[in-house]
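sequence plus the predicted model coming up.
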Amino acid sequence: MKAQLVFYADNELLEGPIYDHGNGLLYFVSIFDGLVYCHDPATKRILSVKLNSPVSNIYLKDNKKVVAASKNGFYEIDFNTLQATLAFTIEIDDDIRFNDGIEDAKGRLLIGTMGYPQVLSNRGKVFSFHKGKYRTIIENTTISNGLAFSKDNSLLYFIDTPSKKVARYSYDIVSGDVKFEAYVIEFKENGSPDGMCMDNNGNLWIAEWGGSCVSLWNPYSGKKLGVLELPCPNVTSCTFDDKGGMYITTAKSNDQNNNLGGGLFYFENNNFQ
């Protein structure tokens, strides 16, 4: 299978793809540009809204309506009007920004942090926001990245990228409490784990920063099952659409011969899920 280039606008760092299965729309962000994108695969139309600080990830709200996490706050964005309204804030230090996030089955918004503009060891956290209040559920991370829930919502998988490992936490869907259980996957080659998503079989698809691929892993055995190769080194995150295909975001690299980093790619479903 070969990756199809869907979108390229010379962005430095695309991230946070999330697919709205109910309305057939893909959302993703360009972190340092402060841009939130809405892509309609049916019409090929791409809309964007610019926020005033780095933006990291998106939570679905309604048709063409999302909440986007930015360093300066969480904004409700309406792509029908291309307007953004501040929804709420979570207090973070000036040298910290938000990074990857996910919504749980009860509507809690989980969001990780990292140092900005420099990476800062053990300064990151993972917050949980619900009904106007937030609290810390994971502490002392460096680059809080991929988050994924098991199908029964009893487990939370989490990536702190420099660790090159995927951690498993027990997750209480009633209280939102987490408890570390074990590291279940370890990366021993060039790539470091970044964003991820889970397929219908309960396996994890993990974007590899520096690895030029999205790799497939069984979180129970810890075994690597396969890869989807990308034409650029820094692969940041991935999500499935309603056809079983996969959208993948990437970032630029120091390789001067590679001019596709920072593009959005797509793999059609050829039974790889």
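Great, that's in hand. Numbers count the residues shown, from 1 in each chain.

what sits against Gly107?
If you count contacts by C-beta atoms under 8 Å, 6 or more residues apart in numbering, Gly107 has them with His130. From N, CA and C alone the C-beta is placed, and that goes for glycine too.

how about the secondary structure of Tyr162?
To be clear, residue 162 is Pro; Tyr isn't right here. helix (DSSP: H, G, I helix; E, B strand; the rest coil).

what about the closest residue to it other than its chain neighbours, how many neighbours?
Sequence neighbours aside, Thr142 is the residue nearest to Pro162 in space, at 4.9 Å (criterion: C-beta to C-beta, 6 or more residues apart in numbering). Thr142 has 17 neighbours, counted by other C-beta atoms under 10 Å.

wait, Thr142 touches Ile159, no?
No: using C-beta atoms under 8 Å, Thr142 makes no contact with Ile159, being 10.9 Å away.

now the helices for the protein?
With helices called from DSSP state H, the chain shows none.

low-scoring stretches of it, by residue?
For the chain, applying pLDDT under 70 flags the ranges 256, 270-273.

how about a cut-off of 50?
Within the chain, no stretch falls below the threshold (pLDDT under 50).

could you verify my assumption that Asn190 touches Gly211?
Yes: taking C-beta under 8 Å as the definition, Asn190 is a contact partner of Gly211 at 5.6 Å.

which of those two has more neighbours?
Using other C-beta under 10 Å, the more surrounded residue of Asn190 and Gly211 is Gly211, with 22 against 11.

contacting residues for the closest residue to that one other than its chain neighbours?
Leaving aside its sequence neighbours, Gly211 sits nearest to Gly191 (C-beta to C-beta, 6+ apart; 2.0 Å). Shown in contact with Gly191 (C-beta under 8 Å, 6+ apart): Glu208, Trp209, Gly210, Gly211, Ser212, Cys213, Ser215, Val235.

recalculate using a threshold of 7 Å.
Glu208, Trp209, Gly210, Gly211, Cys213 (C-beta atoms under 7 Å, 6 or more residues apart in numbering).

before we move on, what about Thr43?
Neighbour list for Thr43: empty [criterion: C-beta under 7 Å, 6+ apart].

separation between Thr249 and Ser237?
Between Thr249 and Ser237 the distance is 5 Å, computed by C-beta to C-beta, to the nearest Å.

what sits in contact with each of the two?
Going by C-beta under 7 Å, 6+ apart, residues that sit against Thr249 and also against Ser237 are Glu15, Pro17.

Trp209 touches Asn234, doesn't it?
Yes: between Trp209 and Asn234 there is a contact under C-beta atoms under 7 Å: 5.2 Å.

more crowded one of the two?
Higher neighbour count among Trp209 and Asn234: Asn234, with 26 against 23, using other C-beta under 10 Å.

any idea how far the residue nearest to Gly211 lies from Asn200?
In terms of C-beta to C-beta, Gly191 sits 24 Å off from Asn200.

same deal with Ser30?
Applying C-beta to C-beta to Ser30 and Asn200 gives a distance of 29 Å.

neighbour count winner among those two?
Ser30 (25 against 9).

does that one touch Asn11 like I think?
Yes: counting by C-beta under 7 Å, Ser30 does reach Asn11; the two are 4.2 Å apart.

sorry, back to before: nearest to Lys2, of the contacts of Gly191?
Lys2 has its nearest neighbour among these in Cys213, at 12.8 Å by C-beta to C-beta.

from Asn259, how far off is the nearest residue to that closest one once chain neighbours are set aside?
Distances taken as C-beta to C-beta, 6+ apart place Val227 nearest to Cys213, at 4.4 Å, with adjacent residues excluded. Val227 is 22 Å from Asn259, where distance means C-beta to C-beta.
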